[in-house]
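In: Okay, structure incoming, though there's no sequence with it:
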């Protein structure tokens with residue numbers, strides 16, 4: 001494959017998908033990401049290599065960054081108050097039935113936490129060819145953002161819901177304006193989550209990650225999820241919001257004021273949400289299947305090292321460097337500080353890349 005020396009050349013290649021901040025609508029963004037997900041593994045490696053080379057992020061990371069930029073809102077910053085330290089101090093991340101999900105005994109995982117807390121990052125550490133990652137935000141006004149073909153490319157579960165039991169929810173903004181909230185949002189998320197539970201039981205060959213704040217907003221009883229894996233980001237409201245603002249500042253300083261305004265309205269909403277998250281943390285916190293991990297600079301550093309190794313695999317692949325991939329695999333096999341899960345991720349990616357080079 002031809003080697004590219006700048007972003008424009010890579011973007012023009014129809015066999016690749018590069019997501020940039022030039023994308024101006026969620027529909028365009030979703031279609032680009034769906035195309036990426038349906039690319040052959042070889043082309044995904046090339047896409048990630050050039051995306052990281054010219055933009056500093058892989059394609060999935062760029063999807064999250066651009067998506068957050070597009071859903072930014074103009075909101076007043078009045079009434080900003082922090083009445084309790086729990087909105088400031090972070091809790092450890094909670095992993096309920098992590099081993100069960102990693103081993104495949106449980107094939108669906110629900111990820112909860114504030115917007116900006118790192119749910120998507122947590123989900124990406126689990127992603128693979130046999131894992132569907134569904135963000136509950138994408139259920140809203142699906143017709144405006146996904147064609148029927150797009151639904152199929154996004155996720156088989158997504159497609160099955162909107163073309164079957166959830167067909168009545170496949171609407172756009174114009175239709176939404178004529179439907180009471182209690183007949184749309186108040187039922188959509190509940191119906192989809194229950195559908196996802198049933199669907200996962202019937203499709204045990206795959207794993208599913210369901211992520212979003214809507215889980216704890218619409219399910220008051222955490223025991224509903226007890227037979228599944230549940231991960232809860234412990235990042236505090238304040239840290240989550242500051243993190244989101246910093247991310248936006250790095251990408252587009254002109255959006256800073258909008259993010260500050262958004263912070264105000266979200267604060268009022270999240271004071272209510274914090275209590276709901278506490279109910280889930282209390283329920284799962286003392287269970288024997290639960291592991292608590294403090295989000296630390298050291299753990300973040302280890303995760304970054306794993307991500308960098310995965311990026312190095314793609315770089316070796318693009319440069320047809322089989323020896324380099326083999327060295328990365330040997331290094332992972334000998335690394336006693338890696339968790340079994342991260343070690344397996346790197347080794348499997350190396351094996352897959354070496355196989356792709358031979359095809």
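Out: Cool, the structure landed. Quick caveat, the model's predicted, so the values are computed rather than measured. Numbering: from 1, shown residues only.
In: What strand or helix carries the residue in the chain sticking out farthest from the centre?
Out: For the chain, the largest distance from the centre (CA atoms, centre = their mean) belongs to residue 323, which lies 31.9 Å off. Assigned by DSSP states H and E, residue 323 falls within helix 322-334.
In: So which elements touch the helix or strand that that helix is followed by?
Out: Reading on from helix 322-334 to the C-terminus, the next helix or strand found by DSSP H and E is helix 340-358. Contacts defined by 3 or more CB pairs under 8 Å, 6 or more residues apart in numbering; DSSP states H and E place helix 340-358 against helix 41-55, helix 297-318, helix 322-334. From N, CA and C alone the C-beta is placed, and that goes for glycine too.
In: ok so, going back, now the angle between helix 297-318 and the helix holding residue 323, please.
Out: 150 degrees (axes from the mean of the first three to the mean of the last three CA atoms, to 10 degrees).
In: neighbouring contacts of helix 322-334?
Out: Helix 322-334 is touched from outside by 309, 312-313, 315-317, 338, 343, 346-347, 350-351, 353-354, 357, with contacts defined as CB atoms under 8 Å, 6 or more residues apart in numbering.
In: neighbour-wise, which of these leads?
Out: Counting neighbours by other CB atoms under 10 Å, residue 350 comes out on top of the contacts of helix 322-334 with 27 neighbours.
In: hmm, back to that, out of the helices and strands packed on helix 340-358, point me to the one whose mean pLDDT is lowest.
Out: Ranked by mean pLDDT, the helices and strands packed on helix 340-358 bottom out at helix 297-318, which scores a mean of 82.
In: which residues of the stretch 151-300 of the chain fall in helices?
Out: Taking DSSP state H, counting those that start in this stretch as the test, the helices found in the stretch 151-300 of the chain are 156-162, 173-176, 185-202, 214-218, 237-251, 256-285, 297-318.
In: Any idea which of those has the lowest pLDDT on average?
Out: When I compare these, helix 237-251 is least confident, with a mean of 50.
In: Tell me how many other residues crowd the residue nearest to residue 156 when sequence neighbours are not counted.
Out: Sequence neighbours aside, residue 132 is the residue nearest to residue 156 in space, at 7.0 Å (criterion: CB to CB, 6 or more residues apart in numbering). Neighbours of residue 132 under the rule other CB under 10 Å: 21.
In: How about the contacts made by residue 18?
Out: 7, 10-11, 47, 50-51, 54-55, 59, 62.
In: and with 10 Å instead?
Out: Residue 18 makes contact with 4, 7-8, 10-12, 32, 36, 46-48, 50-51, 54-55, 59, 62, according to CB atoms under 10 Å, 6 or more residues apart in numbering.
In: And residue 196, by the same measure?
Out: Per CB under 10 Å, 6+ apart, neighbours of residue 196: 108, 110, 132, 134, 136, 155, 157-158, 160-161, 208, 210, 228.
In: Could you report the distance from it to residue 203?
Out: Distance, residue 196 to residue 203, using CB to CB, to the nearest Å: 10 Å.
In: Spit out the residues that contact the two alike.
Out: By CB under 10 Å, 6+ apart, residue 196 and residue 203 have these common neighbours: 108, 132, 157, 160.
In: now the residues you listed as JSON lines including distance to residue 143?
Out: As requested, these are exported to JSON lines (distance: CB to CB, whole Å):
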{"residue": "108", "distance to residue 143": "26"}
{"residue": "132", "distance to residue 143": "21"}
{"residue": "157", "distance to residue 143": "18"}
{"residue": "160", "distance to residue 143": "16"}
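In: Going by neighbour count, which of those comes out on top?
Out: residue 108 (25 neighbours).
In: domains of the protein?
Out: 1-71, 85-296, 297-359 (automatic domain parsing).
In: quick one: residue 168 and residue 176 touch, right?
Out: No - judged on CB atoms under 10 Å, residue 168 makes no contact with residue 176 at a distance of 12.0 Å.
In: Which of these two has more residues huddled nearby?
Out: More neighbours surround residue 176 than the other of residue 168 and residue 176, with 16 against 13 (other CB under 10 Å).
In: residues touching the more buried one, list them.
Out: Contacts of residue 176 by CB under 10 Å, 6+ apart are 140-141, 143-144, 169, 184-185.
In: Swap in 8 Å and give it another go.
Out: Counting by CB under 8 Å, 6+ apart, residue 176 makes contact with 141, 184.
In: One more: residue 188?
Out: With CB under 8 Å, 6+ apart, residue 188 has these contacts: 139-140, 166, 169.
In: now do 7 Å
Out: 139, 169 (CB atoms under 7 Å, 6 or more residues apart in numbering).
In: same deal with the one 4 residues further on?
Out: Residue 192 makes contacts with 139, 161, 166, as judged by CB under 7 Å, 6+ apart.
In: do residue 135 as well
Out: With contact set as CB under 7 Å, 6+ apart, residue 135 has these partners: 211-212.
In: Could you do residue 112 as well?
Out: By CB under 7 Å, 6+ apart, the contact set of residue 112 is 215-216, 232, 277, 280.
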